[in-house]
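K.L.:
What follows is a predicted structure for the sequence shown.
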Amino acid sequence: MRPAGRSVAAFTLVELLAVATIMGLLAGVAAVSLRGMRSPAIASAANEVASAMKMTRQMAIASGRKTYLVFPIATNGLTTNLLRSFAVFQEVPPGESTLEPDRSGTNYPVNTNTTPWHIPKTDWRTLPEGVAFCNLVTGSYSPVAGDRLPTNSGTPSRRLTGQAFGRDDWQYFESFMDFDIRRAENPSTNFVSLTRAPYIGFFPNGRAFYGNPGTHRNPAAIRLVQGFVRGEEIAVTDTNNYYNIEADPAVGRVRVRSRESYQ
């Protein structure tokens with residue numbers, strides 16, 4: 001028996017349907033947001049590469065020599081982590097001596113070659129698993145089969161097209177060259193040739209350069225993507241999430257930019 005004059009509070013069918021609809025919409029929004037989230041590893045890696053690039057610039061200024069941050073993309077004798085490694089190398093021009101003595105501690109070897117020596121200034125550092133360097137053009141990479149970089153024929157580069165980047169035509173893996181790597185303690189002996197390696201270089205005045213410094217005046221950049229490397233191939237797992245680490249050619253300013261910052 002129910003006391004007279006009192007009613008039992010309950011949801012109507014319409015109210016229940018409205019609540020279920022709202023919950024479904026919220027779940028959908030949350031799922032989309034989670035899909036768009038970057039792995040924390042790629043953001044951390046982007047900042048690490050930016051720090052290495054800033055250090056490369058400071059080393060160029062302090063030494064008075066061109067200094068390079070190098071990213072190997074083809075098989076070599078220095079690192080097996082292709083598309084995931086980076087290291088700093090400093091140039092010893094023809095006719096000039098090294099800035100450090102050899103094993104004797106007193107002799108500063110002179111580069112008697114007609115081409116520069118490149119002395120390693122740091123150990124190789126490797127990006128975390130699931131993060132790689134890539135000259136990605138959105139939509140051109142298969143997340144299943146990967147897209148082999150053209151390291152054996154032609155230029156290992158692609159222009160970034162089909163995206164709104166304002167007035168700047170950003171380029172990735174546009175700069176590459178062969179590095180004659182020498183050990184600091186014995187630079188008269190060739191260590192290995194690092195062939196067709198992308199790089200971002202800095203002049204002693206702190207300005208960034210890539211490719212031919214006399215013709216390339218646009219900012220240079222290297223891109224980090226979420227993906228996995230197999231040999232000399234990369235499978236990109238998310239073409240929408242990436243970071244670019246840019247070096248301005250006028251003043252050498254280094255900055256990290258996400259995909260959203262270009263839109």
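P.N.:
That came through fine.
K.L.:
Give the rounded mean pLDDT of stretch 132-148.
P.N.:
Averaging pLDDT along stretch 132-148 gives 45.
K.L.:
That should have said stretch 207-218, apologies.
P.N.:
63.
K.L.:
which other residues reach the host helix or strand of residue 43?
P.N.:
Using DSSP states H and E, residue 43 maps to helix 40-63. For helix 40-63, the external contacting residues (C-beta atoms under 8 Å, 6 or more residues apart in numbering) are 66-69, 86, 88, 90, 99, 121-122, 125, 127-131, 200-206, 208, 222, 224-226, 241-243, 245, 247, 252, 254-256. Quick note: C-beta positions are derived from backbone N, CA and C, even for glycine.
K.L.:
ok, and what's touching whichever helix or strand comes after it?
P.N.:
Using DSSP H and E, the next helix or strand after helix 40-63 towards the C-terminus is strand 67-70. If you take C-beta under 8 Å, 6+ apart as the criterion, strand 67-70 is touched by 52-53, 56-57, 59-60, 86-91, 118, 121, 179, 194, 197-202.
K.L.:
got the CA coordinates for the helix holding residue 43 in CSV?
P.N.:
Provided in CSV are the C-alpha atoms of helix 40-63 (Å, rounded to 0.1, in the frame of the first residue of the first chain):
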residue,chain,number,x,y,z
PRO,A,40,54.0,11.1,-25.5
ALA,A,41,57.2,9.6,-27.0
ILE,A,42,57.0,11.6,-30.2
ALA,A,43,56.7,14.9,-28.4
SER,A,44,59.6,14.1,-26.1
ALA,A,45,61.7,12.9,-29.1
ALA,A,46,60.9,16.2,-30.9
ASN,A,47,62.2,18.2,-28.0
GLU,A,48,65.3,16.0,-27.8
VAL,A,49,66.2,16.5,-31.5
ALA,A,50,65.6,20.3,-31.1
SER,A,51,68.0,20.3,-28.2
ALA,A,52,70.6,18.5,-30.3
MET,A,53,70.1,21.0,-33.1
LYS,A,54,70.6,23.9,-30.8
MET,A,55,73.8,22.2,-29.4
THR,A,56,75.0,21.8,-33.0
ARG,A,57,74.6,25.5,-33.6
GLN,A,58,76.5,26.4,-30.4
MET,A,59,79.3,24.0,-31.4
ALA,A,60,79.6,25.7,-34.8
ILE,A,61,79.8,29.1,-33.2
ALA,A,62,82.3,28.0,-30.5
SER,A,63,84.6,26.2,-33.0
